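**Student:** Only the shape, not the letters, is given here:
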């Protein structure tokens, strides 16, 4: 195989994705691994790269985003503070590797003092979206374990808020009494009704959550109603709190297709115009933009 010009890496908490890149920006090869930050100590990262890149011969730049730059990661990359452009290679932290083939640069995340908030990895997806949509002003929603709502103006991250919606769903669906009401199906109508309910009455969330369990005991709802209602209630609650971010704004949703579609559906029910973009593609485009750019890109 052709020797790569550089390596792009998205190193998350639970997994990593790696792309071998040609000089023209095309992907020569792709790999992934479950060896995320949560399974590694600082000495383990280099060995993972070596296993995923066994055929490298010469020295190659490796540009990394995500949790490898966390305090408990490979090496801490201090946060850039808002307002700022998504950080580029000029703000990256360099890592001294024993394996001389790797010239590693870890991109920083972004932080906000008030209200206190942080992101690592999502800022690279923002950079990728802006690289493909350079005139965008508005809000980028990035659904995930900790969903981000990011206000963009003049190419800068102005402010953002994080919501633990994905983690709450996982905890409630897997560890609460609601686990007995979950299945593998999905009911669009149940999702829409639940999202509308908590957007208009978020204070009733705790009662509405138990109603999922009660109805499954008394009425045997159709397959997919339980998970759809749980998701709808939590996303509706999030949208109610994030209303200052999406009301009257241009909205882009960047995420994995299934969860991103749920956010798009809930927003469109409020007559909000939304565009959707794939998270993996935006991450790769963001890593390309970071490598091309300097201190502030």
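**Tutor:** Cool, the structure landed. Please read all numbers here as calculations on a predicted model, not as lab measurements.

**Student:** When you work out contacts or count neighbours from here on, use the C-alpha atoms and nothing else.
**Tutor:** Noted.

**Student:** Touching, residue 150 and residue 157? I think so.
**Tutor:** Yes: Residue 150 is within contact range of residue 157, at 6.7 Å (criterion: CA atoms under 8 Å).

**Student:** These two - which one has more neighbours?
**Tutor:** residue 150 (25 against 22; other CA atoms under 10 Å).

**Student:** With adjacent residues omitted, what lies nearest to that one?
**Tutor:** residue 160 (4.3 Å; CA to CA, 6 or more residues apart in numbering).

**Student:** so the one you found touches residue 149, yeah?
**Tutor:** Yes: contact criterion CA under 8 Å: residue 160 and residue 149 qualify, at 5.4 Å.

**Student:** circling back: what's the burial count for the residue nearest to residue 150?
**Tutor:** 25.

**Student:** looking at this, it is in a strand?
**Tutor:** Yes: Residue 160 forms part of a strand when assessed by DSSP: H, G, I helix; E, B strand; the rest coil.

**Student:** For residue 116, see how far away it is.
**Tutor:** 10 Å (CA to CA, to the nearest Å).

**Student:** Could you list every helix and strand in contact with the helix or strand hosting residue 191?
**Tutor:** For residue 191, the enclosing helix or strand under DSSP states H and E is helix 188-200. Counting contacts by 3 or more CA pairs under 8 Å, 6 or more residues apart in numbering; DSSP states H and E, helix 188-200 packs against helix 225-241, helix 257-268.

**Student:** Now the helix or strand just after the first one: buried residues?
**Tutor:** Tracing the chain past helix 225-241, the next element assigned as helix or strand by DSSP H and E is helix 243-246. If you call a residue buried by 16 or more other CA atoms under 10 Å, then helix 243-246 has these buried ones: 245-246.

**Student:** Please work out which residues outside helix 243-246 touch it.
**Tutor:** 139, 149-151, 272 (CA atoms under 8 Å, 6 or more residues apart in numbering).
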